[in-house]
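1. Got a sequence here, can you model it:
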Amino acid sequence: MNAADETTEGSVDAGNTQAGGARAAAVVLRPRKVLIAAWVGAVVVVAVFAVLAVILRNTATGVYFTVADQVAVVLLGIFIAGGFLLVARPRVRADANGIEVRNILMTRTYPWADVQRVAFPDGASWARLDLPDDEYIPVMAVQAVDGARAVEGMRALRALHAAAR
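-> Numbering: from 1, shown residues only. Model prediction:
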């Protein structure tokens, strides 16, 4: 899966007709609500820490804050915001050959032959890929909070999985 295969986020692309008349489909999914919440949270955290850095220097607290302390407070806010943005990383790219799952820290690619099913268990927060030997991989890009968008994404992934089998 390369940049030429990528479609817009959350969309299904019927693609170009390849040799032999087969159509290549590609799906790229990302969580919507978690993405928005992560970015809003990150901006708020950086803003709050920046304001704190300015206020601490000018407030009579009995502690002497230097410019280095102010910079450290802002940097701490940036690091915390970076932690918030980790939950914005999940993405799924799937095509006729397989599926690439990027969760918070890891990215893995699986051929459809290794995937037994694409599941969304009752009460689960996100989808998962069921693999042989009772293993599963969470698919954090398809989240229950996204409602109809998650349902559409699951249908597209299941269609690709069924077509590959």
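2. domains for the protein, by residue range?
-> 3-30+92-164, 35-86 (automatic domain parsing).
3. most packed of these?
-> Of all the domains of the chain, domain 3-30+92-164 has the most neighbours on average by mean count of other CB atoms under 10 Å, namely a mean of 16. The C-beta positions use only the backbone N, C-alpha and C, and glycine is treated the same way.
4. so Arg30 touches Ala141, yeah?
-> Yes. Between Arg30 and Ala141 there is a contact under CB atoms under 8 Å: 5.5 Å.
5. and for these two, which residues touch both?
-> 90-92 (CB atoms under 8 Å, 6 or more residues apart in numbering).
6. Now, these that are in strands?
-> Mapping the shared contacts of Arg30 and Ala141 onto strands (DSSP state E) picks out 91-92.
7. Tabulate the shared contacts of Arg30 and Ala141 (a markdown table), appending distance to Asp146 and pLDDT.
-> Below are the shared contacts of Arg30 and Ala141 laid out as a markdown table (distance: CB to CB, whole Å; pLDDT from 0 to 100):
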| residue | distance to Asp146 | pLDDT |
| --- | --- | --- |
| Pro90 | 11 | 94 |
| Arg91 | 13 | 95 |
| Val92 | 12 | 95 |
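8. which element follows the worst-scoring helix or strand of the chain on mean pLDDT toward the C-terminus?
-> Scoring the helices and strands of the chain by mean pLDDT, DSSP states H and E places strand 11-13 at the bottom, with a mean of 42. Downstream of strand 11-13, the next assigned helix or strand under DSSP states H and E is strand 26-29.
9. Can you classify the nearest residue to Trp39 once chain neighbours are set aside as helix, strand or coil?
-> Residue nearest to Trp39 in three dimensions, not counting chain neighbours: Ala88, with 6.5 Å by CB to CB, 6 or more residues apart in numbering. What DSSP: H, G, I helix; E, B strand; the rest coil gives for Ala88 is coil.
10. What pLDDT does the model give Gln18?
-> In this model, Gln18 is scored at 38, pLDDT.
11. now swap in Ser125 and tell me
-> Looking at Ser125, the pLDDT reads 92.
12. roughly how far apart are it and Val46?
-> The gap separating Ser125 from Val46 is 27 Å, by CB to CB, to the nearest Å.
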